[in-house]
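**Student:** no sequence on this one, just coordinates:
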């Protein structure tokens with residue numbers, strides 16, 4: 001089956017593309033490869049999928065060494081190019097993972113979230129209205145739960161109290177998807193991701209920031225004086241969940257699911273796992289809470305499990321060890337000029 005993955009050079013998108021390729025599906029990836037974080041890392045992810053980013057076949061078009069993968073450098077706000085791609089390829093499934101990420105960055109540059117997350121997703125919906133894929137899956141976020149304090153977070157809880165622009169943009173995506181499902185009979189599935197970590201992860205997120213600092217013997221900033229909990233979810237479990245949604249015949253036209261590990265971890269315990277994996281202690285600077293951040297996340301994944309059979313399988317110590325092993329190897333290559 002033909003699948004479009006937006007955000008294909010991103011952390012989750014890259015791993016999903018690899019999974020889809022291995023399963024034998026015809027995959028088209030798009031990404032604008034912006035410089036919010038290391039472009040080198042994004043290029044290296046693409047190379048892992050057989051894309052020679054230095055040698056396009058045509059302007060902004062790349063053919064992978066792997067027969068069933070193609071890549072376009074494209075922004076979701078480029079509606080003319082996006083609609084032409086949809087019309088030409090007539091994708092059976094669309095998976096929208098492209099977005100401006102980061103809660104803390106949304107305090108500095110909120111306008112970028114309206115462009116990437118709201119306008120970009122609107123364009124994906126419009127193209128889907130015209131071409132009618134069998135299913136549109138899109139990334140939402142646990143941050144939509146905002147001021148909710150009852151945990152674990154369940155889909156039945158209110159999500160109308162976001163406390164940062166990133167969360168508001170993701171809630172907007174869910175509302176927009178509901179309207180398009182209702183008006184145009186498009187099956188849409190939103191996935192509220194809980195803190196995702198693992199190999200090839202985002203360097204702006206705590207696991208990567210902490211790993212870098214521990215390896216270099218530098219201090220890490222730990223907010224709310226370490227009194228934080230996160231439902232850390234290993235990337236392989238996230239990808240398995242996305243694929244289960246793709247591969248399962250769902251009955252509802254509009255659905256939203258939590259996708260997480262289903263078990264919160266104290267941030268200080270996560271740091272201890274990193275210390276153990278790197279064999280070094282962390283130097284810790286305890287800081288005040290940042291505005292717009294959430295103290296604790298915990299996913300109730302019962303609805304996703306009932307619908308697809310999804311269940312996270314990777315415990316925190318195993319996942320952190322896999323991440324640390326990749327981090328050491330990747331950064332060794334960068335130091336030696338091979339990355």
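**Tutor:** Nice, I can see it. Please read all numbers here as calculations on a predicted model, not as lab measurements.
**Student:** show me which positions of the least confident helix or strand in the chain by mean pLDDT end up buried.
**Tutor:** Using mean pLDDT, DSSP states H and E, helix 103-108 stands out as the lowest-scoring helix or strand of the chain, at a mean of 82. For helix 103-108, the neighbour count (16 or more other Cβ atoms under 10 Å) marks 103, 105-106 as buried. In this view, the C-beta of every residue, glycine as well, is placed from N, C-alpha and C.
**Student:** same list (those) but as JSON lines, adding distance to residue 257.
**Tutor:** Shown next, in JSON lines, are the buried residues of helix 103-108 (distance: Cβ to Cβ, whole Å):
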{"residue": "103", "distance to residue 257": "21"}
{"residue": "105", "distance to residue 257": "26"}
{"residue": "106", "distance to residue 257": "23"}
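**Student:** which one of the residues you listed is nearest residue 70?
**Tutor:** Of all the buried residues of helix 103-108, residue 70 sits closest to residue 105, with 30.1 Å by Cβ to Cβ.
**Student:** let me know whether the closest one touches residue 37 as I believe.
**Tutor:** No - using Cβ atoms under 8 Å, residue 105 is not in contact with residue 37, being 9.6 Å away.
**Student:** any residues in contact with both of those two?
**Tutor:** Residues touching both residue 105 and residue 37 comprise residue 204, with contact defined as Cβ atoms under 8 Å, 6 or more residues apart in numbering.
**Student:** rewinding a little: from the buried residues of helix 103-108, pick the one nearest residue 263.
**Tutor:** residue 103 (21.5 Å).
**Student:** tell me who's in contact with the closest one.
**Tutor:** Residue 103 neighbours (Cβ under 8 Å, 6+ apart): 143, 164, 166-167, 292-293.
**Student:** only whichever of those residues are buried, select them in ChimeraX.
**Tutor:** Of these, the buried ones go into a single ChimeraX selection, burial set by 16+ other Cβ under 10 Å:
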select :143,164,166,167,292
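**Student:** turn the contacts of residue 103 into a markdown table, including distance to residue 250 and secondary structure.
**Tutor:** A markdown table is the format used below for those (distance: Cβ to Cβ, whole Å; DSSP: H, G, I helix; E, B strand; the rest coil):
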| residue | distance to residue 250 | secondary structure |
| --- | --- | --- |
| 143 | 24 | helix |
| 164 | 30 | coil |
| 166 | 27 | helix |
| 167 | 25 | helix |
| 292 | 33 | coil |
| 293 | 33 | coil |
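**Student:** so for the contacts of residue 103, which is the shakiest by pLDDT?
**Tutor:** Within those, residue 292 has the lowest pLDDT, namely 78.
**Student:** and the closest residue to that residue other than its chain neighbours, how far is that from residue 203?
**Tutor:** Residue nearest to residue 292 in three dimensions, not counting chain neighbours: residue 164, with 3.5 Å by Cβ to Cβ, 6 or more residues apart in numbering. Note on residue 164: its distance to residue 203, by Cβ to Cβ, to the nearest Å, is 20 Å.
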